[in-house]
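Novice: model the following, please.
(one chain, ligands or ions: 1)
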Amino acid sequence: MEQQKHWAIDGSNFSMESNFIKQMLKGEGKAPLTFLKNKKGLLFSKSTLTNFIKEEVQHNIFTLTNKNERSITTYSSGEQKKALLSYLLSKNPDFLILDNPFDLLDQAFQKELLLKLKELSKHITFIQIFKRVDTVLPFINNVLQFKEESIVFTGTLNAYKAQIKVEQNFKLNKTIPPAINIFKITKNPLIEFKNVSVNYASKTILNNIYWQINKGDFWQLMGPNGSGKTTLLTMVTGDNPKAYGKNLILFGQKKGSGESVWEVKQKIGYITPAMTSLFNGRYTVEQMIISGFYDSIGLYKQPTIAKKKIANEWIELIGLTAHKTSWFSALSEEQKCMVLIARSMVKHPPLLILDEPTQGLSDANVSIITSLVNKIAQESETSIIYVSHQQEKGLIPKNIYKLVPTENGSIGEIILNNK
Ligand SMILES: Nc1ncnc2c1ncn2[C@@H]1O[C@H](COP(=O)(O)OP(=O)(O)OP(=O)(O)O)[C@@H](O)[C@H]1O
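Specialist: Next up is the predicted model:
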């Protein structure tokens, strides 16, 4: 059999919306990928998943979950990826474009996926878009690099590694801007779970969780795919009806003692991986950050001078002054992430939740985000919960809470506890 050829594309200066991808998928592959001409290609990416989610929400079409038994949105990130891959493979493609396939997957899942892709690589061609060079699949030896839609490098993986430039260290020189209004929460613990368990049908997801978050704490929440990290957070953010009747303290008040979901939400800055695509309208960087004062997506009110000033100080801190009138949608992924963090922080909420914020970022860019988060932890009174299934490059949490799956649902363990 003719040996299949696999390629990796450096995704740092490369848009998944680029013509190159569109043409490949139409079977009109350009050099050096002309061998894909008229072959059937499919895309394994966050955007494909988002399209299936939209189909479900808007038209009740349940493609990935088959039996319509429950929405794909209730699957954990790892389960969603598994479902998407099975579906795409059932369509018998000649080639698959893999957009950062290992993002959001824990080590066990990564290993499983790697074995599967290795086996499939005997029959299917893979084009892998990568942000971290150490994630390039072991059977891929050809690399392409783009700049403004033109190819600037074609060669072997080793040759590519040899020419990578060391990225400049990002400096956060200024202190974080102050709050305009202070949230008056004097009581500790800010958040408390006491013997909280969560079941879906007959399956226990969380088992007897005890967890206290005090003012100014900096927690990392860890746990493998499907261990219940998102479920635990939705108990705090008010997005999970299962929170009712549980022994939960939210911002010093017992859950169910009269607070509205809105009252809870306005005390939380929440950043999820899906957020960058939520803000795909035409908002400038400045408008995006100011909108954080109003908990709105667009900007519907004329901001006060004080709010504008604070927003601009945040823009300066994250090094985007030259981009303040640029469209948010035109920014790079790490710039978008910094803007979202600044947007959540302008009003210094009592709690900042960052759910896998560095998804799809290169190692150097992960360090930029983690240094911003460390800085916020040091210089503000906001409590932070940073969710990631693995150690994050550069992140210095004071405490780590880990969900450990057992047959009877996940139990919680404190694995780092600094006062
Ligand atoms: N509404 C629901 N109905 C049934 N099962 C659900 C529902 N919501 C979540 N689950 C299941 O609960 C488990 C925990 O999911 P959750 O998204 O909280 O995990 P996670 O730790 O955030 O995973 P990941 O790191 O992959 O995002 C998963 O097996 C998921 O399928």
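
Novice: name the next helix or strand downstream of the lowest-mean-pLDDT helix or strand in the chain, please.
Specialist: Ranked by mean pLDDT, DSSP states H and E, the weakest helix or strand in the chain is helix 275-278, scoring a mean of 70. Scanning forward in sequence from helix 275-278 by DSSP states H and E, the next helix or strand is helix 285-291.

Novice: do me a favour and average the pLDDT over the helix or strand following that next one.
Specialist: Later in the chain than helix 285-291, the nearest helix or strand by DSSP H and E is helix 305-317. The pLDDT scores in helix 305-317 average 94.

Novice: who are the packing partners of helix 305-317?
Specialist: Helix 305-317 makes packing contacts with helix 285-291, helix 333-345 when contacts are defined by 3 or more CB pairs under 8 Å, 6 or more residues apart in numbering; DSSP states H and E. Placement of C-beta: from N, CA and C, glycine included.

Novice: distance between the shortest one and the chain's centre?
Specialist: Between the mean C-alpha point of helix 285-291 and the mean C-alpha point of its chain there is a distance of 20 Å (CA atoms, centre = their mean, to the nearest Å).

Novice: that's a strand at residue 408, yeah?
Specialist: No - according to DSSP: H, G, I helix; E, B strand; the rest coil, residue 408 belongs to no strand; its state is coil.

Novice: check it and give its pLDDT.
Specialist: 95.

Novice: and it, what does it touch?
Specialist: 204, 207 (CB atoms under 8 Å, 6 or more residues apart in numbering).

Novice: hmm, residue 131 is touching residue 11, no?
Specialist: Yes - with contact defined as CB atoms under 8 Å, residue 131 and residue 11 form a contacting pair (5.1 Å).

Novice: between these two, which one's more packed in?
Specialist: It is residue 131, of residue 131 and residue 11, that has more neighbours when counted by other CB atoms under 10 Å, with 24 against 20.

Novice: show the average pLDDT along whichever helix in the chain runs longest.
Specialist: Secondary structure of the chain per DSSP state H: the longest helix is helix 363-379. For helix 363-379, mean pLDDT rounds to 91.

Novice: now do stretch 6-17
Specialist: The average pLDDT within stretch 6-17 is 84.

Novice: what are the buried residues along that stretch?
Specialist: In terms of neighbour count (16 or more other CB atoms under 10 Å), stretch 6-17 has its buried residues at 6, 7, 8, 9, 10, 11, 12, 14, 16.

Novice: kindly present those residues as TSV, with separate columns for secondary structure and distance to the ligand.
Specialist: Formatted as TSV, the buried residues of stretch 6-17 follow (DSSP: H, G, I helix; E, B strand; the rest coil; distance: CB to the nearest ligand atom, whole Å):
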residue	secondary structure	distance to the ligand
6	coil	26
7	strand	28
8	strand	24
9	strand	25
10	strand	26
11	coil	21
12	coil	24
14	coil	26
16	coil	21
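
Novice: so which of the residues you listed comes closest to residue 301?
Specialist: Nearest to residue 301 out of those is residue 16 (CB to CB; 34.1 Å).

Novice: and the protein, what are its domain boundaries?
Specialist: 7-163, 191-417 (automatic domain parsing).

Novice: show me which residues of this structure are close to the ligand?
Specialist: By CB under 6 Å from any ligand atom, the residues of the chain that approach the ligand are 70, 74-79, 200, 205, 223, 225-231, 389.

Novice: is residue 174 in a helix, a strand, or coil?
Specialist: coil.

Novice: just give the nearest non-adjacent residue to it, would you?
Specialist: residue 317 (4.8 Å; CB to CB, 6 or more residues apart in numbering).

Novice: before we move on, the earlier item: tell me the most buried of the helices and strands packed on helix 305-317?
Specialist: helix 285-291 (a mean of 25; mean count of other CB atoms under 10 Å).

Novice: low-confidence stretches in this structure?
Specialist: 1-4, 67-68, 165-170, 186, 277-278, 280, 296-300 (pLDDT under 70).
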